[in-house]
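Q: model this:
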Amino acid sequence: MNHSGRKLPLVDTDLGPYRDVVLGLLSLQRASTRAINPNMIGFEGSGITLQQFKFILALTLDEGRCGSLKSIGAELGLTAPATSRLVDSLVERGLVERTEDPNDRRIRHVSLTAEGREFAGRLIKHRLETLVAFAESLDEEQLAALTEAFNTLESHDGFATALNFNRKAISK
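A: Numbers count the residues shown, from 1 in each chain. A predicted model of the protein is given here:
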């Protein structure tokens, strides 16, 4: 039994020959990233929800372009009404602004306000600090093995795209 009293395992899925890789990736994510929950990153009392947090990060990672409500909502798996409500709450907080597309008034774009960019910067900074702390907790052999694994993955399209974006986004 786990701490919630539920009997383990919670999921009965055959991962086939990829079991060790999938479990390793899940474990790495869990061990290295506590920043996915806004209540754990120093924003207690901010009133921000996990979906709002993800939406702000999606706008931030959109490389400064204004995103359409529809495209960002779809990226996060939200319906149009849910996206609209989420954006309304972020507009009320002053973190995002909504504008009409000059070529099609039916399309709405959202972008971060100055306050939203500052807030996102704090989120990302704390997330990076969390990852650095995790990396610092590894011994030399573990760090070398993880670095080698990442170097090997550079030839994978999805990983390479994310890595190139991160290299551009992080200045130091």
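
Q: Listing request: residues of this protein with sub-threshold pLDDT.
A: By pLDDT under 70, the weakly predicted segments of the chain are 1-10, 32-46, 62-67, 171-172.

Q: where do the helices sit along it?
A: Remark: helices assigned in the chain by DSSP state H are 19-32, 50-60, 69-75, 80-92, 114-137, 140-153, 157-169.

Q: ranking the ones you listed by burial, who's on top?
A: A comparison of the helices of the chain by mean neighbour count, using mean count of other C-beta atoms under 10 Å, puts helix 50-60 on top with a mean of 19. C-beta: built from backbone N, CA, C; applies to glycine.

Q: and the top strand by length along the chain with helix 80-92, angle?
A: The longest strand of the chain (DSSP state E) is strand 104-112. Angle, strand 104-112 to helix 80-92, by axes from the mean of the first three to the mean of the last three C-alpha atoms, to 10 degrees: 50 degrees.

Q: picking up where we left off before, how about the helices of the chain, which one is nearest residue 100?
A: helix 69-75 (11.1 Å; C-beta to C-beta).

Q: Remind me what the closest one packs against, helices and strands.
A: Contacts defined by 3 or more C-beta pairs under 8 Å, 6 or more residues apart in numbering; DSSP states H and E place helix 69-75 against helix 50-60, helix 80-92, strand 104-112.

Q: distance between that helix and the chain's centre?
A: Mean-position distance between helix 69-75 and its chain equals 15 Å (C-alpha atoms, centre = their mean, to the nearest Å).

Q: now swap in stretch 147-161 and tell me
A: The chain centre lies 19 Å from the centre of stretch 147-161; the measure is C-alpha atoms, centre = their mean.

Q: if we look at that stretch, which residues are touching it?
A: The contact list for stretch 147-161 (C-beta atoms under 8 Å, 6 or more residues apart in numbering) reads residue 163.
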